[in-house]
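*Asks:* take a look and give me a structure for this.
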Amino acid sequence: MQTATISFDPFNKLSDDACQERIRAARAKLGKRAVILGHHYQRADVYQHADLTGDSLKLSKLAAQTDSEYVIFCGVHFMAEVADIMTAPNQIAILPDLAAGCSMADMANLAKVERCWRELGSVLDVESEVTPVTYINSAADLKAFCGEHGGIVCTSSNAGTIAKWAFDQRPKVLFFPDQHLGRWTGHQMGFPMDEMVVWDPDLEMGGLTVDQIKKAKILLWKGHCSVHQMFQKSHIDAFRAKYPEGKVIAHPECNFEVCAASDYVGSTEHIVKTIKEAPAGTRWLVGTELNLVDRLAKEVLPQDKIVQFMATTICMCSTMQRIDPQHLAWTLENLVDGKVVNQIKVPEHEVKFARLALDRMLAIS
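*Replies:* Reported below is the predicted structural model:
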């Protein structure tokens, strides 16, 4: 495989329509050598080209079942890392734009997690008292950290099942990077709020006292999703006042007050499934990313179902928006010319333990 690449600059000047034609032409030339994965939150002009669609873990599992040489992940960086870990050694994971990251994932890095582990170790016997659990929305090295320290990975779909496993191993859980998913999961398991404390990685000992750490059952990393932070209970109250018969469904990355006020709480896959299977004529307020909500609203409109976006302001996953038709066309045309761009390759030492943490999750859930 050649290392020289076609410069991206000319593609940046292409119109979206021109890009669409070039994407289709390049895909036709590549055939089954390439599979395009489209996350639920992906923008419509890119999502339309996806061979496989879904949430991040589902897409990586599906990609691993293909024999495609190139796995092009139209998502964000941590998703492409999971694809690289889970697919065969001869499959190449690609992220069309390396700037497509995840602000939540960036809120927990290995240096800060290792410091947290050391500080907890000054109060507790961490290796026997704390199970580290990382949300799949995290970097590969944090998944590897969990694998190496007897921990595990979870998704928004299986967080409850994984948390039960974690508590079967040790009496406490360190949950990162999303405090809201961790808090909602703990609440669903019956833990009171004072046993779920927030660990602020920018403060010594997470900003907690020794007594708080010893009493806590779940240590929640101070992290969040910038999109799901936009949804507020006031949005739900206004909807219910206008449409008392309406239903509210939210992603567990929303804050606790939003989740508690919703009729249903679940992953992107759960949200899609629940609304598609709902009776005709129902009305829904949905608390998750705008591209998914808009797409779902159009799909269920023929069944007279009304789907509304929860926030009063536009909020979408801005980093995933960076995967645009221009970057996808550039990626595909380079592959046609025998050149791989933006390969995501997780180091072998991280793959070993990250795969261990992922395998534990898959075996349980």
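*Asks:* contact partners for the residue nearest the centre of the chain?
*Replies:* In the chain, the residue lying closest to the centroid (Cα atoms, centre = their mean) is Asn137, at 4.3 Å. With contact taken as Cβ atoms under 8 Å, 6 or more residues apart in numbering, Asn137 is in contact with Ser56, Phe78, Cys102, Met104, Ala105, Pro177, Asp178, Cys225. (C-beta placed from N, C-alpha, C; glycine too.)
*Asks:* again, but for Ala159
*Replies:* Tyr135, Leu181, Gly182, Thr185, Pro252.
*Asks:* what comes into contact with the host helix or strand of Arg355?
*Replies:* Element membership for Arg355 (DSSP states H and E) is helix 348-364. With contact meaning Cβ under 8 Å, 6+ apart, helix 348-364 is reached by 82, 84-86, 134, 140-141, 143-148, 151-155, 158, 161-162, 165, 346.
*Asks:* for that helix, what is the distance to the chain centroid?
*Replies:* Centroid displacement of helix 348-364 relative to its chain, using Cα atoms, centre = their mean, to the nearest Å, is 17 Å.
*Asks:* send me that helix as CSV with only the CA atoms.
*Replies:* The C-alpha trace of helix 348-364 is given here as CSV (Å, rounded to 0.1, in the frame of the first residue of the first chain):
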residue,chain,number,x,y,z
GLU,A,348,-0.8,-3.8,20.3
HIS,A,349,-0.3,-3.4,24.1
GLU,A,350,-3.5,-1.5,24.3
VAL,A,351,-5.4,-4.0,22.1
LYS,A,352,-4.6,-6.9,24.4
PHE,A,353,-6.2,-5.4,27.5
ALA,A,354,-8.9,-3.3,25.7
ARG,A,355,-10.1,-6.5,24.0
LEU,A,356,-10.1,-8.2,27.4
ALA,A,357,-12.4,-5.5,28.8
LEU,A,358,-14.7,-5.7,25.7
ASP,A,359,-14.8,-9.5,25.8
ARG,A,360,-15.9,-9.4,29.4
MET,A,361,-18.7,-7.1,28.4
LEU,A,362,-19.8,-9.2,25.4
ALA,A,363,-19.7,-12.4,27.5
ILE,A,364,-22.0,-10.9,30.1
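*Asks:* pLDDT on it, on average?
*Replies:* Average pLDDT, helix 348-364: 96.
*Asks:* per-domain residue ranges of this protein.
*Replies:* 9-101+319-345, 105-226, 228-309 (automatic domain parsing).
*Asks:* Ser365 is nearest to which of the ones you listed?
*Replies:* Of all the domains of the chain, the one in closest proximity to Ser365, counting by Cβ to Cβ, is domain 105-226 (3.9 Å).
*Asks:* between the two ends of that closest one, how far is it?
*Replies:* Taking Cα to Cα, to the nearest Å, domain 105-226 runs 11 Å from one end to the other.
*Asks:* rounded mean pLDDT for that domain, please.
*Replies:* What domain 105-226 shows for mean pLDDT is 97.
*Asks:* next one: stretch 232-244
*Replies:* Here stretch 232-244 scores 98 as its mean pLDDT.
*Asks:* how many neighbours does Val153 have?
*Replies:* Per other Cβ atoms under 10 Å, the neighbour tally for Val153 reads 28.
*Asks:* helix/strand/coil for it?
*Replies:* With DSSP: H, G, I helix; E, B strand; the rest coil as the basis, the three-state label of Val153 is strand.
*Asks:* and if you look at Phe145?
*Replies:* At Phe145 the chain is in helix, as set by three-state DSSP.
*Asks:* next up, the contacts around Trp284.
*Replies:* With contact taken as Cβ under 8 Å, 6+ apart, Trp284 is in contact with Gly246, Lys247, Val248, Ile249, Ile275, Ala278, Lys305, Ile306, Val307, Gln308.
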